[in-house]
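S.K.: Sequence below, structure please.
(one chain, ligands or ions: 1)
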Amino acid sequence: MRALILLPLILSASATATAQGGRAQTVEVQLSSFDFTPDTIQLHAGQPTVLHLVNNGNGGHNFSAPDFFAAATDVSGPVREGTIEVPGHQTVDVRLTPASGTYRLRCTHTLHTTFGMSGEIVVH
Ligand SMILES: [Cu+2]
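M.R.: Reported below is the predicted structural model:
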């Protein structure tokens with residue numbers, strides 16, 4: 001329920017300037033069986049960012065990057081234990097400010113990482 005309440009706020013934030021006056025970058029990541037597109041996600045350290053996650057498939061996937069979310073600040077969105085679930089044919093937006101580093105990304109659904117659902121988040 002919390003996620004449903006936050007979503008309109010996140011969407012409006014991505015379309016306008018941030019509270020600090022800086023412009024948020026919106027980065028779209030597509031999830032499918034069994035890929036992340038792009039599979040290397042490049043972000044700018046310290047820049048307010050909206051991750052726009054799009055699941056193009058029928059099945060559910062997730063965007064799991066616990067180290068990335070732990071290092072980020074101002075995280076708002078449906079992140080649970082470093083993981084965002086994205087049901088089939090749905091989108092989820094998460095707002096955060098990333099910290100520099102290279103982080104592992106994967107889908108933790110059974111066997112999905114094995115089938116190729118892994119990637120990297122590079123923040124510099
Ligand atoms: Cu998956």
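S.K.: Would you work out how far apart the start and end of stretch 80-99 are?
M.R.: Length of stretch 80-99, first residue to last, CA to CA, to the nearest Å: 19 Å.
S.K.: check whether that stretch contacts the ion.
M.R.: No. Using CB under 5 Å from the ion, stretch 80-99 never reaches the ion; the gap is at least 8.8 Å. To be clear about C-beta, it is placed using only N, CA and C from the backbone, and glycine gets the same treatment.
S.K.: Kindly report the residues of this protein close to the ion.
M.R.: Residues of the chain lying close to the ion (CB under 5 Å from the ion) are His61, Cys107, His109, His112, Met117.
S.K.: Pull the most distant pair out of these.
M.R.: Spanning the widest gap among the residues of the chain next to the ion are His109 and Met117, at 7.8 Å by CB to CB.
S.K.: which residues are in contact with both of these two?
M.R.: Here His109 and Met117 have His61 as joint contacts, going by CB atoms under 8 Å, 6 or more residues apart in numbering.
S.K.: who's more crowded, these two?
M.R.: For His109 versus Met117, neighbours defined as other CB atoms under 10 Å are more numerous around Met117 (24 against 17).
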